[in-house]
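Okay, here's the prediction I keep looking at, along with the sequence it came from:
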Amino acid sequence: MSTPSTAAAGSAPRAPGAPIQPLRLSPLHGPALLLGTMALSLATFMNVLDSSIANVAIPAISGDLGVSPTQGTWVITSFGVANAISVPLTGWLTQRFGAVRLFTVSVLLFVLTSWLCGFATSLEMLVFFRVLQGLVAGPMIPLSQTLLLSSYPTAMAGTALALWGVTTLVAPVVGPLLGGWITDNISWPWIFYINVPVGLFAAALTWGIYRQRETPTRKLPIDTIGLALLVLWVGALQLMLDKGKELDWFSSGEIIGLAVAAVIGLAVFIVWELTDAHPVVDLRLFARRNFAAGSLALSIAYGLFFGNVVLLPLWLQQWMGYTATSAGMALAPVGIFAILLTPLVGKKVGQWDPRKMATGAFIVFALVLWLRSHFTTQTDFIHILIPTLLQGGAMAFFFIPLTTLTLAGLPPERIPAAAGLSNFVRITAGAMGTSIATTLWDNRATMHHAHLTEGLIQGQGVFGQTLQNLQAAGMSQAQALAQINQLINQQAFTRAADDIFLGSSVLFLLLIAMIWLTKRPERGGAAADAGGAH
């Protein structure tokens, strides 16, 4: 097991192989250990919660701010992209300001930006504050893991990471439920306001316990050009994906400009990072087979997973008549098996072959999505619930084994940079998955709508009979036609969702080949470092 470092899940912008400052502190005991674990877990819980709590509130936010639900998904993707950009800076910031000080300030800034999100009166304002929220959230999860590992004896590192892992899995369960209940019974801004008391309590508790355990600091150069290029190409790519459908893709000069900026920005970024003495992202890690195959498999799978996680509540609320609360109830069981099995995975990942564990997870994900591809407008709540329940088991065997494979064989001094880079790629893929899934959903729905209507002739067949029946029930012709169009749309968007579920299922099966490009790590390998996978 590697020695926990001050940047245990962040990418330190330094020359590859340069030494890092380890956290060599005596473990905490008694009430201090209990309260420290609680403070770090609360902060992690709050951070992960914010990535899922907004999912079921998107229709309500969109309606309140006067935008389409597709545009409303910017609330999710903006946070994810900003978070991805800030994660690689964790190592540099930690060594510059200290782990405890940086963590506490990040939590307090997260509280402030959450409060500002609740006050947003337009989509543009909300997305701006979500970007700020994502930027300040970057160091929170890596440093919560680092500080937690420093609090426990080395022999109990597995227990510490199991506790940490359960926290990150409980939040996605509670998120849809809590978000749905708040949206239905209070108002959507309160999904952000609830962070204020939780964050203030966690920050105060953390500072009170850990301020005497600050890590050494030193001034380091920062790769400002690399960081600027990172922001440029990631931002341009995300904007292109989000605005593509709205602007009719490459028939728009704006989309072409964003695509050119993304491609050129990425190319220059790669060249710069491979030649700079203090790269913000250590791209040389991709020369290692396990890191390249493992991080790509993890990232593509996470993009598929997250895109479908966003799509399901949108479909349930827009076309199946679910409230935010009932949509949350349909998503909540995903955490039951995840919570139960994660401690087992954390203990066994060093003994079992993580490639087999990840393969099993991908097969279950494929099965879950195949079951969802059979959803119809008549599917009841129980049949929607069953695949969600099964998905929790796949989640437990997904993050930790794949991250273990990704970090296998790396020397301890390179693990922080590797974990930060794999997290960056994964978070970016998650944001892209949301954009691609919602865009494809709209495009496929348009195609299915055209197919469903092309055989309809006014006044003839079922169409004519339905129109007559609706008019006989008291509707005007325009109202009757609108009602029929709504029914056709419901079918079209359901079939479109089924298409995406089926396509994602096939992709999960194809991704299994990428898992087996990796080598099996030595027994008792980097399991402890897998905690940063979520």
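That came in fine, so what should we check first? Numbers count the residues shown, from 1 in each chain.

Pull the contacting residues for the residue nearest the centre of the chain.
Geometric centre of the chain, nearest residue: Gly430, 5.1 Å, by CA atoms, centre = their mean. For Gly430, the contacting residues are Gly80, Tyr302, Gly303, Phe305, Phe306, Gly307, by CB atoms under 8 Å, 6 or more residues apart in numbering. Bear in mind the C-beta positions are built from the backbone N, C-alpha and C, glycine included.

Please name the nearest non-neighbouring residue to it.
Phe306 (4.0 Å; CB to CB, 6 or more residues apart in numbering).

by contact count, what packs against the helix or strand containing that neighbour?
Per DSSP states H and E, Phe306 falls inside helix 289-319. If contacts are counted by 3 or more CB pairs under 8 Å, 6 or more residues apart in numbering; DSSP states H and E, helix 289-319 sits against helix 58-65, helix 324-331, helix 354-372, helix 399-407, helix 415-453, helix 477-515.

next structured bit after the worst-scoring helix or strand of the chain on mean pLDDT?
Within the chain, no helix or strand scores below helix 157-185, which has a mean of 71 by mean pLDDT, DSSP states H and E. Downstream of helix 157-185, the next assigned helix or strand under DSSP H and E is helix 190-193.

how far is the helix or strand following that next one from where the chain is centred?
Next in sequence after helix 190-193, counting helices and strands by DSSP H and E, comes helix 195-210. The chain centroid and the centroid of helix 195-210 are separated by 24 Å under CA atoms, centre = their mean, to the nearest Å.

Helix 195-210: which residues count as buried?
Across helix 195-210, burial judged by 16 or more other CB atoms under 10 Å covers Asn195, Val196, Val198, Gly199, Phe201, Ala202, Ala203, Leu205, Thr206, Trp207, Ile209, Tyr210.

residue contacts, the nearest residue to the fifth one once chain neighbours are set aside?
If the residues on either side of it in the chain are set aside, Phe201 comes closest to Leu42, at 6.8 Å by CB to CB, 6+ apart. If a contact means CB under 8 Å, 6+ apart, then Leu42 has Val198, Phe201, Ala202, Leu205 as its contacts.

Then Leu42 would be within a helix, right?
Yes - the assignment for Leu42 by DSSP: H, G, I helix; E, B strand; the rest coil puts it in a helix.

Double-check Ser41 against Trp164; I have them as touching.
Yes - in this structure, Ser41 is within contact of Trp164 by CB atoms under 8 Å, at 7.3 Å.

Which residues are in contact with each of those two?
Common contacts of Ser41 and Trp164, defined by CB under 8 Å, 6+ apart, comprise Ser144.

Give me the distance between the residue nearest to Phe201 and Trp181.
20 Å (CB to CB, to the nearest Å).

Against Gly474, how distant is Leu405?
63 Å.

More neighbours: which of those two?
Per other CB atoms under 10 Å, whichever of Leu405 and Gly474 has more neighbours is Leu405, with 31 against 8.

which residues does the closest residue to the more buried one other than its chain neighbours contact?
Here the nearest residue to Leu405 in space, its sequence neighbours aside, is Gly294; by CB to CB, 6+ apart that works out to 4.2 Å. Counting by CB under 8 Å, 6+ apart, Gly294 touches Leu402, Thr403, Leu405, Thr406, Leu407, Ala408, Ser422, Ile515, Thr518.

same deal with Val368?
Contacts of Val368 by CB under 8 Å, 6+ apart are Pro387, Thr388, Leu390, Gln391, Ala394, Ser505.

ok, those vs Pro216, which is closest?
Among the contacts of Val368, Ala394 lies closest to Pro216 (CB to CB), at 40.8 Å.

ok, and the closest non-adjacent residue to that closest one?
Val364 (3.8 Å).

next one: Ala297
Met514 (4.2 Å).

Equivalent analysis for Pro69, please.
Once flanking residues are discounted, Pro69 sits nearest to Ser62: 4.7 Å by CB to CB, 6+ apart.

sorry, back to before: between Ser41 and Trp164, which is the more surrounded one?
Comparing Ser41 with Trp164 by other CB under 10 Å, the one with more neighbours is Trp164, at 24 against 20.

That one: what's it in contact with?
Taking CB under 8 Å, 6+ apart, we find Trp164 in contact with Leu40, Ser41, Thr44, Ser144, Gln145, Leu148, Gly531.

next one: Pro221
Contacts of Pro221 by CB under 8 Å, 6+ apart are His278.

Mind checking what secondary structure it has?
Per three-state DSSP, Pro221 ends up coil.

May I have the secondary structure class of the spatially closest residue to Ala293 that is not a sequence neighbour?
Using CB to CB, 6+ apart and skipping residues adjacent in sequence, the residue nearest Ala293 is Leu517, 3.9 Å away. At Leu517 the chain is in coil, as set by three-state DSSP.

How many residues are close by Leu517?
Using other CB under 10 Å, Leu517 has 15 neighbouring residues.

Please apply the same query to Glu214.
Glu214 has 15 neighbouring residues, counting by other CB under 10 Å.

what does Gly503 give?
By other CB under 10 Å, neighbour count at Gly503 equals 16.

Pull up the gap between it and Leu247, please.
Separation of Gly503 from Leu247 (CB to CB): 24 Å.

Please apply the same query to Phe375.
30 Å.

Looking at these two, which one has more neighbours?
Phe375 (20 against 15).

mind listing what's buried in stretch 334-344?
Val334, Gly335, Phe337, Ala338, Ile339, Leu341, Thr342, Pro343.
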